[in-house]
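> Have a look at this prediction, sequence included:
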Amino acid sequence: MLTIITVPRMHPSGIMDSVLEPSPPRDRYRTVVFVLLAIAIAGTAIAVAALSRIANPVTSDVAIALGVSAGVLIGVSKAQALRARAQGNAARLVSRDRASASVRLDDEEPPIDTVGPAGSGIALEPSRPNRVLAWFQEWSRDLGELGTIQVATSVAGLLLVCVALLSESPIVAPDTWTAILGVGGCLVAAGLAGTAVRYLAEIDPHHFPEAPGLSRGARVIAWILVLAGVAIALARIGQFAAVQIVHVVVLTVIAAVCSSLLAAKQTSAEAAGPAFPLNLPVLSMLGGRTNVLASVLDAGERQLGIDLRSTWALTIVRRTVEPLVIGLCLIGWLSTSLTVVGPQEQALVERLGTPVGGSPLDSGLHVHWPWPVDRVFRSPVRRVQALTVGHEGEEPGGPEDVLWARQHAANEYTLLLGNGRDLITVDAAVQYRIADLRAWRYHSQNPAEALRAIAYRAVMRNTVNRTLAEALSENVVATTARMRAMVQEDADALGLGVQVLGFTVGGMHPPVPVALDYQAVVSAELRKVTAVIDAQAIRNQLVPGAEAESLASLNMGRAQGAEAQGKAAGEAWAFLTLQSQYQAAPEEYFFRRRLETLEKNLAGRRFSVVDARFQRDGGVLWLTP
């Protein structure tokens, strides 16, 4: 490791020569770039926030364009900083050269360069980075700071353009005030971009090398904002196809700008330092002049080296443009006399507002008088159509949600049942086919709505005399068959010329706001029935056992009573027998009872009988313990 120590030159008097280094010159256009950058970032944020209110793909295109502009302005700001640094370094070198030439020293000593030993410095081995990270660092180092910003901005813009092209976001017509605010905001932003164009066009490129490129880019941004306002207005009147065309055009311009920026090579201003590459062919062709066509002609003139405005071809085109336009309009008007009827369609012809007699036009090519003499109305008579009953709006895609407490469509209708207290919601559909096109067209002013009203009447006639429980528990197949027959009968009576193929009931349920309460009532009734059944089961289990136990206790009491009564009767008869025996021979009775008592008490014991005659005959009885 090398350590170089440079000792500054000293005057003979020993005072260090302090050289005043001038401060680098300040770029007066740095503030302009910062203001433009802040406006671009704010515009990007506003465009992104507006996507939630304005479902228009061109709004996302404006956000992408302003985001790319912000990246370009960041690169321009960095180029300004590099130029200021380079100019400051050049000024310091010039000042040092002048100071060293004016100082004269008697004993001029060369700078002392001390080269330390190899191990005198502290060298830390860097950690071994990942190969991808090392490659990216080396690639960024080769590109430089401006190149990195240039590539990052262009690649990010191209990726966002690809995402915008691949995404299929629906276009929704905004309301009147939202459309007015959107168009007004785009026009105000376009006015700001035009102001920036005029300001940047007056700047000398020697002082601000990127000014011409920024001026052309601001003009392109202004046109993109104008197209965004036009797209919002087109979406308001329902011209969604035109909005898609504007969307593709704007994305094509942004992709061309990003591709040109990615392929552009960095340039340097005259002895002033690096400059951000904004001399792009796309910006020169589209933003060279306020008139885009004139700008394109100027670009062609620069590429071909001829004046296209004065060529004979352009002169011929100018002379023939009016006859050509008139001829195209005439051909377009005559083309209205041709009508192609599809394979599933039939058509009716009205001439000056009067229906033309005869059979309807079948599939194929037909010739008639051009508009407005003849007008042709086509209808899909061979296709089965369906209309909804019970709600308005389209149901969401995917599997149908059959839960009662879920909203099935945007606006569901409720029907009053016969008892006057219950409401019901019906989700049904009528499948029909146009059998007589002329009757469908002329017998009713609005046949589809008439058929819908007939279907509602059929539903009311089938639910008017029923309660909610009866309507929900009825056989759906029989109900739908009866409704289809009613709708066909009423349609034939009105002469609608349709064939009702089916009446499908997807669901009959209480209204969604009271569905949870109805479920709670049904659950309570089920719990009530369950509790009654459980109580009956417990009763059937306990009552027979109690009855059997009661009967067993009663029979046992009766048996015990009979037993006690018999025992008492036996004892009574025994007492009466003893009484009769006593009365017959009292002494013998007492003697027998005494013997029975002795026999009872001496049973199982050892004893000796001593006769009284033993002492009478002279014997002696000695009792010893």
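Ah, there it is. Predicted model only: the values in this text are computed from it and were never measured.
> burial count for the nearest residue to Ala481 once chain neighbours are set aside?
Excluding the flanking residues, the one nearest Ala481 by Cβ to Cβ, 6 or more residues apart in numbering is Phe503, at 7.8 Å. The C-beta positions use only the backbone N, C-alpha and C, and glycine is treated the same way. For Phe503, the count of nearby residues is 24 (other Cβ atoms under 10 Å).
> what are the bridge partners for Phe503, then?
Counting by DSSP bridges, Phe503 is bridged to Val430.
> From here on, call the first residue 27.
That works, and once the first residue is 27, the last one we named lands at Phe529.
> surely it meets Val456?
Yes: in this structure Phe529 lies within contact range of Val456 using Cβ atoms under 8 Å: 5.6 Å.
> what residues are shared contacts of the two?
Between them, Phe529 and Val456 share these contacting residues under Cβ atoms under 8 Å, 6 or more residues apart in numbering: Ala481, Val513.
> Surely Ile480 and Gln514 touch.
No: in this structure, Ile480 is not within contact of Gln514 by Cβ under 8 Å, at 9.2 Å.
> Who has more neighbours out of these two?
Ile480 (23 against 19).
> so who does that one touch?
With Cβ under 8 Å, 6+ apart, Ile480 has these contacts: Met512, Val513, Asp516, Ala517, Leu520.
> now, the most widely separated pair of these?
When Cβ to Cβ is used, the two most widely separated members of these are Met512 and Leu520, lying 12.8 Å apart.
> Looking only at neighbour counts, state which of those two leads.
Met512 (19 against 16).
> Just the element for that one, please.
helix 502-520 (DSSP states H and E).
> buried stuff in stretch 184-202?
Leu184, Leu186, Val187, Ala190, Ile197, Ala199, Pro200 (16 or more other Cβ atoms under 10 Å).
> pretty sure Leu391 belongs to a helix, no?
No: looking at Leu391 with DSSP: H, G, I helix; E, B strand; the rest coil, it is strand, so not inside a helix.
> Am I right that it is in contact with Gly368?
No: the pair Leu391 / Gly368 is not scored as a contact, 11.2 Å apart, by Cβ under 8 Å.
> ok, these two, which is more surrounded?
More crowded of Leu391 and Gly368, by other Cβ under 10 Å: Gly368, with 13 against 9.
> and that one, what does it touch?
Ser389, Arg404, Pro406.
> helix or strand for Glu573, which one?
Short version: Glu573 belongs to helix 541-610, going by DSSP H and E.
> Now for Arg245, how many residues are close by?
25.
> Serialize the contacts of Ile480 to CSV and add fields for distance to Ser285 and pLDDT.
What follows is those, written out as CSV (distance: Cβ to Cβ, whole Å; pLDDT from 0 to 100):
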residue, distance to Ser285, pLDDT
Met512, 66, 86
Val513, 61, 85
Asp516, 65, 86
Ala517, 61, 86
Leu520, 63, 85
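> Dump those residues to a markdown table, plus distance to Ala594.
A markdown table is the format used below for the contacts of Ile480 (distance: Cβ to Cβ, whole Å):
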| residue | distance to Ala594 |
| --- | --- |
| Met512 | 89 |
| Val513 | 92 |
| Asp516 | 95 |
| Ala517 | 98 |
| Leu520 | 101 |
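> Among the contacts of Gly368, the buried ones, what's the ChimeraX command?
Restricted to buried positions by 16+ other Cβ under 10 Å, the ChimeraX selection for those reads:
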select :404
